[in-house]
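Novice: sequence first, predicted coordinates after that:
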Amino acid sequence: MKTVAVITGAASNIGLAVADRFKANYHVIGIDRRFNPSDETAVNLGFEPYSCDITSGQDLQSAFNYARSKGPISVLVNSAAITGPRAVIPEISDDLWNEIISVNLSAVFGLMKISAAYLKESRGTAVFVSSRAGKVGYAGFDPSVLGTKAHYSASKAGVNSLIKSYAIELARFGVRVNGVAPGSIEGTMIPRERWGELSGKIPLGRLGRPEEVADAVWFLCSEHASYITGHILDVNGGTLMD
Amino acid sequence: MNNFTNDEYSLKGQVALVTAGARGLGRGIALELAKCGADVWIWDSDEAALINMKEEFASQGYQIGIAMLDLVDPILLREAYEKLLQETLPPQILVNNAGGSLHTPFRFLEESDDDWNRLIDLNLMTTVRLCRLVLPGMVSANYGRIVNLGSKAGRYGSLFAGANYVAVKGAIHSLTLQLAQEFGPHGITVNAVCPGAIMTERVRGLLSERQTPVERERILKEIPVRRHGEVDDVSRTVRFLVSKNASFITGSLIDINGGQVMST
């Protein structure tokens, strides 16, 4: 019997690529608030779409109850995230700040609270999709363009810290917890017209593909990463090396 | 947990060169790569271990090439590489595993210039020279995978290896980053694995010599997963890094330490 992989943000970009990568080997519950059960495209995904707002603890608990009814939950991958425009800090509204922190950071805290018992039960593993920005902010970007994404960077830095706490807390139960830190990845988060300009700044000379991040997630969830926990794996074509 | 199929990680048709591959970590890495179908070549100074390994691999159905040489001799390295090119294609995969602390003192003030120079030669210069030999072929092919053996020691210091070892491993990390930047435009990825204490024969010996049973017990309790690493823990990460699945990962220093230390 297949075990269950819960994958958030599964409607697009990296989350969709991860769900696609895992669906042959796991019963994938792909969580996303954008899923509509009556949507025909969702039916053809090859995994089970589940509509859920991860910022709601109640919704999340229901999603995990449902997922557990399909089998032991051995994998959790969180890819759900939002971003906002580049802006200098005085111009970032409190509303935007709170929204990004809520989806990118507080929801991760909520996911950890709820998933711990399930992962302990299965001696499973979790991977959180963080970001290069969570490690170094927007250092390295053109400083003449005013404004960074302080909201997004701060939220992902918080995720990196949570990953380490969760990894330490769950290690004794045989549960490994890691992160991936993608750099510039093709998808809707970066407007297509910027891909060419960004490629020139990446040692490998191109943006990454969501599937390449999914491959890294797959590795971290596998027994091949059996002694790796609390690590945040860069998938950035060489734009940040640490 | 998911298992990889060998198809997914297939290295068929690729030549892989692994240094100091006759025992310990190098041997485990060589076996993983051979299982994935790579044409594996092992260079090592221990002739008996090489012959033994070749026979053992053959009995498992894996044919490997071996060469016995002193890896710190740059002339022998060049000759061995020229000979390799007469027998097979230029390597697409290089695993720089040669290294170690050579039983030099743990305490900095007890280390001599010679203790430093020998470690620089074995750990760093062997890696530099191998990269220098292999990279032109990778540039011509517009493809290559280099994995260097870094260390937790080189990132965070060590409880049983000395400053000379820690410093040369740190240098290997820096070399990894610079080569990744310089050769990324040629389709070549360069990464390093940074293992904690992995239970090879050499490390077991060092631990029992330099730490009391009480200290060893205490350190084990400080490792979140409550065990030391095994050779497989490292070799399978190397296998990932040389595969197509790691195609957008370069300049990465990957901690394999059971959570003992977590990087920023």
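Specialist: Everything's here; your move.
Novice: count of neighbours near residue A:139?
Specialist: 12 (other C-beta atoms under 10 Å in any protein chain shown). Glycine gets a C-beta too; all of them are placed from N, C-alpha and C.
Novice: swap in residue A:145?
Specialist: So residue A:145, with other C-beta under 10 Å, has 9 neighbours.
Novice: residue contacts, the residue nearest to it when sequence neighbours are not counted?
Specialist: Among residues not flanking residue A:145 along the chain, residue A:86 sits closest, at 7.0 Å (C-beta to C-beta, 6 or more residues apart in numbering or on different chains). Counting by C-beta atoms under 8 Å, 6 or more residues apart in numbering or on different chains, residue A:86 touches A:138, A:145, A:147-149.
Novice: check the gap between residue A:86 and chain B for me.
Specialist: In this view, residue A:86 and chain B are 24 Å apart by C-beta to the nearest C-beta, to the nearest Å.
Novice: got it, and residue A:39?
Specialist: 28 Å.
Novice: what sits closest to that residue if chain neighbours are left out?
Specialist: residue A:49 (7.9 Å).
Novice: now the one you found: which helix or strand?
Specialist: Residue A:49 belongs to strand A:48-51 when assigned by DSSP states H and E.
Novice: run me through the strand neighbours of that strand, direction for each.
Specialist: strand A:27-32 (parallel) (DSSP bridges).
Novice: so what's the closest residue to residue B:258 other than its chain neighbours up against?
Specialist: Nearest residue to residue B:258, sequence neighbours excluded (C-beta to C-beta, 6+ apart): residue B:225, at 4.0 Å. Residue B:225 makes contact with A:171-172, A:174, A:176, A:227, A:229, B:258-259 under the criterion C-beta under 8 Å, 6+ apart.
Novice: just the buried residues from these, in ChimeraX please.
Specialist: To isolate the buried members of those in ChimeraX, using 16 or more other C-beta atoms under 10 Å in any protein chain shown:
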select /A:171,176,227,229 /B:258,259
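Novice: any chance of the contacts of residue B:225 in JSON lines, plus distance to residue A:185 and secondary structure?
Specialist: Formatted as JSON lines, the contacts of residue B:225 follow (distance: C-beta to C-beta, whole Å; DSSP: H, G, I helix; E, B strand; the rest coil):
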{"residue": "A:171", "distance to residue A:185": "29", "secondary structure": "helix"}
{"residue": "A:172", "distance to residue A:185": "34", "secondary structure": "coil"}
{"residue": "A:174", "distance to residue A:185": "31", "secondary structure": "coil"}
{"residue": "A:176", "distance to residue A:185": "24", "secondary structure": "strand"}
{"residue": "A:227", "distance to residue A:185": "27", "secondary structure": "coil"}
{"residue": "A:229", "distance to residue A:185": "24", "secondary structure": "coil"}
{"residue": "B:258", "distance to residue A:185": "29", "secondary structure": "coil"}
{"residue": "B:259", "distance to residue A:185": "27", "secondary structure": "coil"}
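Novice: tell me which two of the contacts of residue B:225 sit farthest apart.
Specialist: A:172 and A:227 (14.7 Å; C-beta to C-beta).
Novice: just to revisit the earlier point, quick one: the residue nearest to residue B:258 and residue B:262, what's the gap?
Specialist: 12 Å (C-beta to C-beta, to the nearest Å).
Novice: residue ranges with poor pLDDT in the chain?
Specialist: Picking chain A for this. Counting by pLDDT under 70, chain A has low-confidence residues at A:37, A:40-43, A:140, A:142-143.
Novice: oops, chain B please
Specialist: B:1-6.
Novice: list the contacts of the residue nearest the centre of it.
Specialist: Geometric centre of chain B, nearest residue: residue B:97, 2.7 Å, by C-alpha atoms, centre = their mean. Taking C-beta under 8 Å, 6+ apart, we find residue B:97 in contact with B:18-21, B:25-26, B:29, B:149.
Novice: state the distance from the residue nearest to it when sequence neighbours are not counted to chain A.
Specialist: Spatial nearest neighbour of residue B:97, excluding adjacent residues (C-beta to C-beta, 6+ apart): residue B:26 at 4.0 Å. With distances taken as C-beta to the nearest C-beta, residue B:26 is found 17 Å from chain A.
Novice: which residues does residue B:26 contact?
Specialist: B:18-20, B:42, B:44, B:95, B:97-98.
Novice: which ones among the residues you listed are found in helices?
Specialist: Members of the contacts of residue B:26 lying in helices (criterion: DSSP state H): none.
Novice: now the two most distant members of the residues you listed.
Specialist: B:44 and B:95, at 12.5 Å, using C-beta to C-beta across the contacts of residue B:26.
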